[in-house]
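Undergrad: Task: produce atomic coordinates for the following.
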Amino acid sequence: MVLKKNSKLFLVVFLGMLSAFGPFILDLYLPALPMMSDYFGVDTTIIQLTLTGSMIGLSVGQLIIGPISDKVGRKLPLIFSLIVYILSTLFIVIADNVYLVIVLRFIQGFSAAGSVVISRAVATDLYGGKGLKEFFSLLMTINGLAPIIAPIFGGIIIQFTSWKNIFTILTVLGIILLIVSLNFSESLERNKRFSGSLVETYQKLFKILKNKLFITYILVQSFAMSSLFGYISASPFIFQEKYGVSAFTYSLFFGLNGLALIIGSRISNLFNSKKAISIGLKVMIIISSYITITLILKLNVLFVEFGFFILLIGLGIILPATSSSAMNSERDNAGGASALLGFFQFLFGGLVSPLVGLGNILYATSLVLLISSVIALLLYSTIKD
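TA: Okay, the predicted model is just below:
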């Protein structure tokens, strides 16, 4: 059976929106974290658990939904996960207990994971080799718009209204994506779907984990992404509380750094995957050292912002190359491979987020950035040509 195909333009925009959906639910409310801390009367570490909850949800959700999509196709799990997302986000709007919000953020992240994991699986269904790397780079360009638009929009919202309205906006976005997904044409033909039981579908994950090349690429990406998640979790408090910038100015900094990811992803296309990863990791280590010095000495805020900008250019160079290299090594198990790729990314993010809030946030963030970049490069050095 030959399935009806969507246009490439539709796929780039639609899959870009899906892949950005997970980051968007993190980035939009970042400027509101200090306000939420005051609203609930809790300290920084507790309110950061709302971020950790959504990251762990994004991690576990991909692990569950990805293999299911290998068995039943991509469209049905996508639609179901979007419905759950819409309901959980509505409940966050009316919740008045911080611990309930943490639980709901986990459910929200879990359901949003369907969009993220299925976007990568669909791309792998339709493209391969260099074409897949180029398509991932296009997705990164769309994806990079989320951290540009989201915090600026979030900063504007909290200047004039409550943080709860951020989640009202997220609900509306979920409804829009649900409507668009109805026009998506299934990408996984029936004869290519996994024919075993649901239990066997999950057992495939262990087989994928035995692929040393695949697991090395996702660990390299996950440790590199730890720098991003450390930055995401710490930056509202570093810029707004330690340096005294306004929520709107912070959102402008954050948006500028989102542009850095787009620039990095376009630079990545100038090199083959191995060269791109090597260059990106070396940039991250050098700049992590620079950021450590600026934060410890508490230099002018513009020096700090410059460091984060270059750091994310380095990460942007890495991501299309590590994603395509990992997925190309497990093309026959795209859903499961995409699930593991996303699982490790957001698991690491969920673990790193509360770490930057321990003790002095400037010192803790410096250590997270530097150590994660060094480990990523050491892991990459084990991959043989």
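Undergrad: what about the nearest residue to Ile318 once chain neighbours are set aside, how many residues close to it?
TA: For Ile318, ignoring the flanking residues on the chain, the nearest one in space by Cβ to Cβ, 6 or more residues apart in numbering is Gly280 at 3.6 Å. Where C-beta positions appear, they are placed from N, C-alpha and C, glycine not excepted. The number of residues packed around Gly280, counting by other Cβ atoms under 10 Å, is 29.
Undergrad: Roughly how far does Gly280 sit from Asn165?
TA: In this structure, Gly280 lies at 37 Å from Asn165, with Cβ to Cβ, to the nearest Å as the measure.
Undergrad: if we can go back for a sec, contacting residues around the residue nearest to Ile318?
TA: Under the criterion of Cβ atoms under 8 Å, 6 or more residues apart in numbering, the contact list for Gly280 reads Ala224, Gly264, Ser268, Gly314, Leu315, Gly316, Ile317, Ile318, Ala321.
Undergrad: Okay, buried residues for the helix or strand that contains it please.
TA: Per DSSP states H and E: Gly280 is located in helix 273-297. Of the residues in helix 273-297, those scored as buried under the neighbour-count criterion (16 or more other Cβ atoms under 10 Å) are 273, 276-281, 283-285, 287-288, 290-292, 294-295.
Undergrad: Repeat that for stretch 159-174.
TA: Applying a neighbour-count criterion of 16+ other Cβ under 10 Å, the buried positions in stretch 159-174 are Trp163, Lys164, Ile166, Phe167, Thr168, Ile169, Leu170, Thr171, Leu173, Gly174.
Undergrad: just the helices in the stretch 151-300 of the chain please.
TA: Assigned by DSSP state H, counting those that start in this stretch, the helices in the stretch 151-300 of the chain fall at 164-181, 198-209, 212-237, 247-268, 273-297.
Undergrad: Against which helices or strands is the shortest one packed?
TA: Going back to what we said before, that points to helix 198-209. Here helix 198-209 touches helix 44-72, helix 334-355, going by 3 or more Cβ pairs under 8 Å, 6 or more residues apart in numbering; DSSP states H and E.
Undergrad: C-terminal to the shortest one, what's the next element?
TA: Think helix 334-355. Moving toward the C-terminus from helix 334-355, the first helix or strand encountered (DSSP H and E) is helix 361-380.
Undergrad: just the angle between that following helix and helix 212-237, please?
TA: Note on geometry: by axes from the mean of the first three to the mean of the last three Cα atoms, to 10 degrees, helix 361-380 and helix 212-237 are set 170 degrees apart in direction.
Undergrad: What residue spans form the domains of this protein?
TA: As given by the TED database, the domain ranges for the chain are 1-195, 201-384.
Undergrad: what about the shortest one, start to end distance?
TA: One end of domain 201-384 sits 30 Å from the other (Cα to Cα, to the nearest Å).
Undergrad: what is the rounded mean pLDDT of it?
TA: If you average the pLDDT over domain 201-384, you get 86.
Undergrad: ditto for the longest one
TA: Averaging pLDDT along domain 1-195 gives 82.
Undergrad: what distance separates that domain from the centre of its chain?
TA: Using Cα atoms, centre = their mean, to the nearest Å, the distance from the centre of domain 1-195 to the centre of the chain it belongs to is 9 Å.
Undergrad: Also stretch 247-262?
TA: Centroid separation between stretch 247-262 and its chain, computed with Cα atoms, centre = their mean, is 16 Å.
Undergrad: So which bits of it are buried?
TA: Applying a neighbour-count criterion of 16+ other Cβ under 10 Å, one finds 247, 249-262 buried in stretch 247-262.
Undergrad: Just the C-alphas of that stretch, formatted as CSV.
TA: Taking only C-alpha atoms (Å, rounded to 0.1, in the frame of the first residue of the first chain), the coordinates of stretch 247-262 have been written out as CSV:
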residue,chain,number,x,y,z
ALA,A,247,12.0,39.8,32.9
PHE,A,248,11.6,41.4,29.5
THR,A,249,15.3,42.0,29.1
TYR,A,250,16.0,38.5,30.2
SER,A,251,13.5,37.2,27.5
LEU,A,252,15.4,39.2,24.9
PHE,A,253,18.7,37.6,26.0
PHE,A,254,17.1,34.2,25.9
GLY,A,255,15.6,34.8,22.4
LEU,A,256,19.0,36.0,21.1
ASN,A,257,20.5,32.7,22.4
GLY,A,258,17.8,30.8,20.5
LEU,A,259,19.1,32.5,17.4
ALA,A,260,22.5,31.1,18.2
LEU,A,261,21.1,27.5,17.9
ILE,A,262,19.8,28.3,14.4
